[in-house]
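> how would this look folded up:
(4 chains)
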Amino acid sequence: MSDDRLAALRAEVRAWLSEHLAGRFEPLRWRGHAGDGDALPELRKEWERELAGGGWTCPGWPAEWGGRGLSVAEQVAFQEEYARAGGPGRIGHIGEGLIGPTLIEFGTPAQQQRFLPAIRAGTEFWCQGYSEPQAGSDLANVRTRARREDATGDWLVHGQKVWTSLAHLSDWIFVLARSEEGSTGRHGLIFLLLALDQPGIEIRPIRQIGGGAEFNSVFFDGARARAEHVVGAAGEGWRIATALLGFERGISTLGQQMAFAQELDLVCRIARENGAARSPELRQRIARAWAGLRAMRYLAMRALCDDASREGRLARLGYKYHWSNWHRDLGRLAMDVLGPDGNVVDGDPRRERLRRLFLFSRADTIYGGTSEIQLNLIAEQGLGMPREPRGDRS
Amino acid sequence: MSDDRLAALRAEVRAWLSEHLAGRFEPLRWRGHAGDGDALPELRKEWERELAGGGWTCPGWPAEWGGRGLSVAEQVAFQEEYARAGGPGRIGHIGEGLIGPTLIEFGTPAQQQRFLPAIRAGTEFWCQGYSEPQAGSDLANVRTRARREDATGDWLVHGQKVWTSLAHLSDWIFVLARSEEGSTGRHGLIFLLLALDQPGIEIRPIRQIGGGAEFNSVFFDGARARAEHVVGAAGEGWRIATALLGFERGISTLGQQMAFAQELDLVCRIARENGAARSPELRQRIARAWAGLRAMRYLAMRALCDDASREGRLARLGYKYHWSNWHRDLGRLAMDVLGPDGNVVDGDPRRERLRRLFLFSRADTIYGGTSEIQLNLIAEQGLGMPREPRGDRS
Amino acid sequence: MMDLQLTDDQRLIRQQAARLLADRAGPQQLRQTVAAATGFDAALWRTVARQLGWCAMTIAERHGGLGLSLTELSLVVEAAGERLAPLPLWSTACAAAPLLSAVATEEARAAILPRIAAGEIAATVAWGDLGAADPLAATPVTAVPANGGYLLDGLVTQVVDAEAADLVLVPARLAQGLALFALERGAGHETRQIETLDATRQIGALEMRGLRLSADARLDADGFTPRAAASAIATANLGLAAEQVGAARAVMDLTLAYVGERVQFGRVIASFQAVKHRCARLEVDLAEARAMVLGAAANFANAEDDERLLEARAARALASDLLFRAAEESIQLHGGVGFTWEYDPHLYLKRAQAVSALLGSADRHLEAIAEHLLAEACHER
Amino acid sequence: MMDLQLTDDQRLIRQQAARLLADRAGPQQLRQTVAAATGFDAALWRTVARQLGWCAMTIAERHGGLGLSLTELSLVVEAAGERLAPLPLWSTACAAAPLLSAVATEEARAAILPRIAAGEIAATVAWGDLGAADPLAATPVTAVPANGGYLLDGLVTQVVDAEAADLVLVPARLAQGLALFALERGAGHETRQIETLDATRQIGALEMRGLRLSADARLDADGFTPRAAASAIATANLGLAAEQVGAARAVMDLTLAYVGERVQFGRVIASFQAVKHRCARLEVDLAEARAMVLGAAANFANAEDDERLLEARAARALASDLLFRAAEESIQLHGGVGFTWEYDPHLYLKRAQAVSALLGSADRHLEAIAEHLLAEACHER
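Alright, predicted model coming up:
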């Protein structure tokens, strides 16, 4: 698409946001992002409906399902403008970005009719049931059980999921579970959709190091997934689950980078104000952060190109490691710029933001595949080095 | 021993060196150390005899074998004064520090009579035949073969050793070889003493990245070790070889640190002269190097105490990794302080010294157990973490 | 060669401290401290200060102290660091007492040090610029002679253990040079506890507005320069470094325990070589920092002020960096649970960040060392 | 969003360059270069400059160039960096030509650029301070008007490719500001080749003692400031960064090949997780530096001078650090053979060290970026 059309889209987004992210939604600016994910939940749900009203939920979806069919570049432009305006963390993003595209690709017509409109309308919210206490980074080690109830064809689920983001604010959860008794690894898994508001499901918040609790443990004790709420077939869970992860194409990363740039900007401002800008060592680190962010921007652009070259592949494989470690280091830098003031908790909003950054960015290198897993993948899939042996297979 | 006695010893060493490391020996000052190990060999051999004349070879040996029976602290004092005066790299150190103590502990009276006096007198020089091309860091993987000649009881050696320091300047070599056909690992090894000047031994220098060649490959093609030149018995090679490594108690490390301090001092001098001292980043690194060196001094003192605590053990296990990486980093720092001048090879002796430091310190983290092996040892022996599996045993 | 082997007595002191704190300042008590957010355990303090004489160690026998070396003090401070023990130990024994010894009159020392040695009082110092490598170079407190006494004015935004301390030592600017004042509890100053990221150490703000003090509240004779306090600043830094080394040891032990039992991909995490090497590198750095701390402590009595301060700065630079990385790696290697409130690594991370800024960040200490090395001939021994 | 995907043409250029250099500048030729210590392969230079037009890429079509973008040039320079190819490519295409474009008169450009584009001449710049992040801020060369021409005096201690160059551009101080002079081969100046640690790139000293030049040797109109040359300095840095990224790729490939076949403890070294993670981290850093180089090159045409220079500095800072670590790790992971002359990693280490100082070390570039960020409002896009 032409630069003109992109510029027009950006102008449209800016105008809409300046009109709507105002008034009663004003308090949402900059809120609800990583580390602050459980802030102002009701108002943020209303905001989702406001976005939907403007046609700004699911803009990458096809028109058939209420989307705008935006291209990658257009979606990036939207994300960037949203972040620039201080748009709040999206409670709807798991529905819009993950389960929605999965249902569009793999769902039955009935599933699509049942779920997609409510996601698009900002009236039903989703969370993700992948990780388990014993599985950690090892998705193939899922132990949550699903058993078919012969009378109804429904599936009854027992087990526990952890690190379920915003489960306490969600209506539905998708769950990867083991449907075949005695199966191991990638086999015998099923992909189920469950309503959260039912007996047999208990949600317990996990308190994080920053004090907040946007993650949860979700306990299943005979919770019911209706027969028609299996995606794919029993045994195909692994295929659906990994395809879903593939929809996380990184379009949001350029928007994420706008938030990073704002954080770095805040660090620079405070350094100028409090004299930290006179420290040669902090100057080096600030400049290095700037270089890393600029490179990240180009990396992301490159990763979004469907470049099949070795370099393109390695750039994609390394992206998560790069941004998460960059962000974690920015958190430490922010605190070092604050100096002794960083230890003082007195409600100053800028310091609060940097302290949240410091604490929550500790999770960046862990969730969604730890740095160690990322390095294994880069070495094995990117560089063709030998696979790490599993202990239980040797 | 009292501080007074130590001070007297230091004074004695200083006086002796200022008198003897002079005149025709003057050119030896600061020469012959790592990276410069093949410098001025004949004069350095004469210097060994000069030292012997003064009673300064083998000062830690018992009086019975011509030593002074110096304590650890006294030996350290000697090493420090020697380094401070710019004493040249010791061609005799393998004899004095490794095979001598081994023979004192494990040798037959005949072996002791045959070899110890010549080591003490600085008339016979030794080198070490441990590493092999295929074995690398893996001493138990020795493949050099020794076969007993029934007629004489002598042992005939076939194979190749590498990284043999100063073999081309030495008279004798001790060799770890496999005496039992089909044996693997630590079993079936023999510890042999061979004269280098015989048919069946060929010494080829290995050219290093600095251009010099103080290491060699030594090829054995039926070379003969006489029957009476087995240390211990056939099959006991591993025990003798590892005991020998244990004699490297690190007494020389405090002397080594004097050389490090001089290198750091030179770096500081040049930084003051050429303006590098105005670079905040280089200032940080210079200060960090100073801190690391000071800590290294205390670490070495601690490691020399026979401290059985967990901390003492870990300090000893980590010492090689610490000093070798410190020294390697100093080499880079030296070049960064030189800036573009570091690339110019024009014979300036101070720049030459720093360039040698830069290049040869690359070997510090490799020979005598790579950094990777050191980290394995620290993790496994120090922290009780699981052993790295051998591929050929699984 | 200095003998760095600990004596049997020193080993015993270290073991007793560790045992006591395991019992009285274990993980559960740590959680209570964090929940209560007071950063002070008065009962434990009585035990270590009164019964065990931890504050008496380096105080001279003529002042009721034990006359031991900095080594002993470093060992108990290290043990306290392991547990993030909520005690005004560093403030009292590593900051206040050494500052008194450095700049107070013999009369003032004789009046106060015995009370510290006996564990009767906790004390602290209201450093003017707590984040500076030279914390006396600028102080916001001024003193003006008035009616045979002094009027003090100023706000010190962060005073460690301000509320636990029975005595706050306040360096203040006179018309010329610095003076040291004693604020006894109830002297009329205000302290206000501050909520802190690191909830295991208490911080308070100290405000004085025309605070009237009698002449005998002034502890020095004729004023002093920051340079005169060099050995006190060295001791304070060495104490923080010892604490940091202790905390690093403890958080690394948490890591080792976790990776030794957590199974992923059918293997304990500890069997992954990358994990082993990262733990091993931290151990090398721990050994380095600890050797620097104990070496500097052992060398302290023989050294000049300059060398004391340089070595203390070296210890701080190494220990600050070490503790941060040890805590960071602990969270990382704990995986998902590493960033939950329930597991302890985050408490060490918060301590690591907060303490790294006290009395100067690592880079400031390194810059001070560089200033020394590059201004004159390199220091050789 | 800028499209960073390489076009088919760009990919082709890159592949052809790689293939040609594999053939003509492979490991054996590299050894010959090092042994001969000339740092210059004239025959290869003719091929790439005359037949392949590598120096013509960014030169405008009206000057006989191809009018391509910095991306194409970066790709061939990267390929040359992989092989440490002994060519005056960077000097000619990334330093001399851009400096002409930035500060020379149209007349001078029309006279010289076509010769560069056609591969008729190699050219270089005698930067006054080759180690500075602003290499024009101080120059040791002075020019004095004399008899309608100029007299030049000064010693430039290091000029890259001084002997291979048919044309040396000399920035010189006039009474006011800087002027740019052309020294054609045989102009009466002296160059003296210098023996270098990095024997794969030629360096010479340039001495001028009362060197008489005609008026038309002066290429600028009315003098220029260092700031006017900002885009040329940006291109020169971006070129070095591309070269460094290429060299890093090559030395990492040496490492990967070695650890993939070398067996220790019964396993290929590549199967040790610590080795895998170290290689993977380097790959992340390589992707970062390469994205920065190619992103900056793609952005160059749209950006202002300030942004060009900032991005080029960022690329240099990342690439200098990357190449050094890649070479250091290569030696380390090669084990014993890593520090022998026979294996190639040391050639990359020597290049890494030597190139890191050219046009400013990484920390100086970072400081220049910090100066920009911290002097005014943070740069947002």
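
> Provide the secondary structure category for residue 96.
Let's take chain A. Following DSSP: H, G, I helix; E, B strand; the rest coil, the label given to residue A:96 is helix.

> right idea, wrong chain: chain C
Using three-state DSSP, the structure places residue C:96 in helix.

> distance of it from residue C:31?
Distance of residue C:96 to residue C:31, computed by Cβ to Cβ, to the nearest Å: 29 Å. All C-beta spots, glycine's among them, are computed from the backbone N, C-alpha and C.

> Neighbour count: these two, which is higher?
Using other Cβ atoms under 10 Å in any protein chain shown, the more surrounded residue of residue C:96 and residue C:31 is residue C:96, with 29 against 14.

> Counting neighbours, what do you get for the nearest residue to that one once chain neighbours are set aside?
Once flanking residues are discounted, residue C:96 sits nearest to residue C:123: 3.6 Å by Cβ to Cβ, 6 or more residues apart in numbering or on different chains. Neighbourhood size, residue C:123 [other Cβ under 10 Å]: 27.

> how about residue C:123, what does it touch?
Listed by Cβ atoms under 8 Å, 6 or more residues apart in numbering or on different chains, the contact partners of residue C:123 are C:88, C:91, C:92, C:96, C:97, C:112, C:116, C:165, C:166, C:167, C:168, C:169.

> one more time with 6 Å, if that's ok
Going by Cβ atoms under 6 Å, 6 or more residues apart in numbering or on different chains, residue C:123 touches C:92, C:96, C:116, C:165, C:167.

> Where does the residue in the stretch 251-394 of chain A positioned nearest to chain D sit, in terms of helix or strand?
Residue nearest to chain D within the stretch 251-394 of chain A: residue A:298 (2.9 Å; Cβ to the nearest Cβ). Taking DSSP states H and E as the criterion, residue A:298 maps to helix A:280-304.

> again, but for residue C:4
Residue C:4 is part of no helix or strand, with elements assigned from DSSP H and E.

> What number of residues are in the vicinity of it?
Neighbours around residue C:4, by other Cβ under 10 Å: 24.

> Make sure it is actually in contact with residue B:301.
Yes - Residue C:4 is within contact range of residue B:301, at 4.5 Å (criterion: Cβ atoms under 6 Å).

> Could you confirm residue A:319 falls within a strand?
No - counting by three-state DSSP, residue A:319 falls outside a strand, being helix.

> Please look at it and residue A:302 and confirm they touch.
No - the pair residue A:319 / residue A:302 is not scored as a contact, 9.1 Å apart, by Cβ under 6 Å.

> would residue A:205 count as being in a strand?
Yes - according to three-state DSSP, residue A:205 belongs to a strand.

> In contact with it: list those residues for me.
A:213, A:216.

> So for the helix or strand residue A:331 falls within, what gets flagged as buried?
Residue A:331 is part of helix A:310-338 when elements are defined by DSSP H and E. When neighbours are counted by 16 or more other Cβ atoms under 10 Å in any protein chain shown, the buried residues of helix A:310-338 are found to be A:311-338.

> Which ones among those residues also lie next to chain C?
Restricting the buried residues of helix A:310-338 to those near chain C by Cβ under 6 Å from any Cβ of the partner chain leaves residue A:335.

> Counting neighbours, what do you get for whatever residue of the stretch 201-350 of chain A ends up closest to chain B?
The nearest approach of the stretch 201-350 of chain A to chain B comes at residue A:280, 3.2 Å away (Cβ to the nearest Cβ). Residues within reach of residue A:280, counting by other Cβ under 10 Å, total 18.

> what do you get for the one 3 residues further on?
Neighbour count of residue A:283, defined by other Cβ under 10 Å: 23.

> what mean pLDDT does the host helix or strand of residue C:20 have?
According to DSSP H and E, residue C:20 maps onto helix C:8-24. Mean pLDDT, helix C:8-24: 95.

> again, but for stretch A:165-183
Stretch A:165-183 carries an average pLDDT of 94.

> Select the longest helix from chain C.
Using DSSP state H, we find that the single longest helix of chain C is helix C:230-261.

> Output the contacting helices and strands for that helix.
Helix C:230-261 sits against helix C:70-82, helix C:97-103, helix C:273-299, helix C:305-333, helix C:345-356, with contacts defined as 3 or more Cβ pairs under 6 Å, 6 or more residues apart in numbering or on different chains; DSSP states H and E.

> cutoff 7 Å now
Here helix C:230-261 touches helix C:70-82, helix C:97-103, strand C:267-268, helix C:273-299, helix C:305-333, helix C:345-356, going by 3 or more Cβ pairs under 7 Å, 6 or more residues apart in numbering or on different chains; DSSP states H and E.

> Can you give me every residue that contacts the spatially most central residue of chain C?
The centroid of chain C falls nearest to residue C:240 when counting by Cα atoms, centre = their mean (3.5 Å). Contact analysis of residue C:240 by Cβ atoms under 7 Å, 6 or more residues apart in numbering or on different chains lists C:90, C:316, C:355, C:358, C:359.

> Helix, strand or coil: sort out the first one for me.
Put plainly, it is residue C:90. Per three-state DSSP, residue C:90 ends up helix.

> can you pull the contacts of it?
Here residue C:90 is in contact with C:77, C:239, C:240, C:243 (criterion: Cβ under 7 Å, 6+ apart).

> quick one: it from chain A, how far?
15 Å (Cβ to the nearest Cβ, to the nearest Å).

> Read off the pLDDT value for that residue.
Confidence for residue C:90, expressed as pLDDT, is 98.

> rewinding a little: out of the contacts of residue C:240, give me the one that has the most neighbours.
residue C:316 (35 neighbours).

> how about residue 133, what does it touch?
No chain was given, so I picked chain A. A:160, A:162.

> that's the wrong chain, I wanted chain C
With Cβ under 7 Å, 6+ apart as the criterion, the residues that contact residue C:133 are C:359, C:360, C:364, C:365, C:368.

> one step back: of all the contacts of residue C:123, which two lie farthest apart?
C:116 and C:165 (10.8 Å; Cβ to Cβ).

> still on that earlier bit, please list the members of the contacts of residue C:133 that lie in helices.
Residues of the contacts of residue C:133 located in helices (DSSP H): C:364, C:365, C:368.

> Out of those, grab the one that's most surrounded.
Ranked by neighbour count (other Cβ under 10 Å), those have residue C:365 at the top, with 26 neighbours.

> Next one: it relative to residue D:185, how far apart?
In terms of Cβ to Cβ, residue C:365 sits 55 Å off from residue D:185.

> Wait, residue A:159 touches residue A:143, no?
Yes - look at residue A:159 against residue A:143 with Cβ atoms under 7 Å: they come within range, at 6.1 Å.

> who has more neighbours, those two?
Legend: neighbour count by other Cβ under 10 Å for residue A:159 and residue A:143, higher for residue A:159 (20 against 13).

> Can you tell me the closest non-neighbouring residue to the more buried one?
Nearest to residue A:159 is residue A:144, by Cβ to Cβ, 6+ apart, at 2.9 Å.

> likewise residue A:326?
Residue A:326's closest residue in space is residue A:292 (Cβ to Cβ, 6+ apart), at 4.8 Å.

> Quick check, residue A:325 in contact with residue A:366.
No - look at residue A:325 against residue A:366 with Cβ under 7 Å: they stay out of range, at 11.4 Å.

> ok, residues contacting the helix or strand containing residue A:253?
Element membership for residue A:253 (DSSP H and E) is helix A:251-274. Helix A:251-274 is contacted by residues A:33, A:72, A:75-76, A:79-80, A:82-84, A:97, A:277, A:282, A:286, A:289-290, A:293, A:296-297, A:300, A:323, A:327, A:330, A:333-334, A:337-339, A:350, A:353-354, A:357, D:373-374, D:378, D:380 when judged by Cβ under 7 Å, 6+ apart.

> Same list, the contacts of residue C:133, but as CSV with distance to residue D:350 and pLDDT please.
CSV is the format used below for the contacts of residue C:133 (distance: Cβ to Cβ, whole Å; pLDDT from 0 to 100):
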residue, distance to residue D:350, pLDDT
C:359, 42, 97
C:360, 38, 97
C:364, 35, 97
C:365, 34, 98
C:368, 35, 97
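
> got a list of what residue A:283 touches?
A:277, D:367, D:370, D:374.
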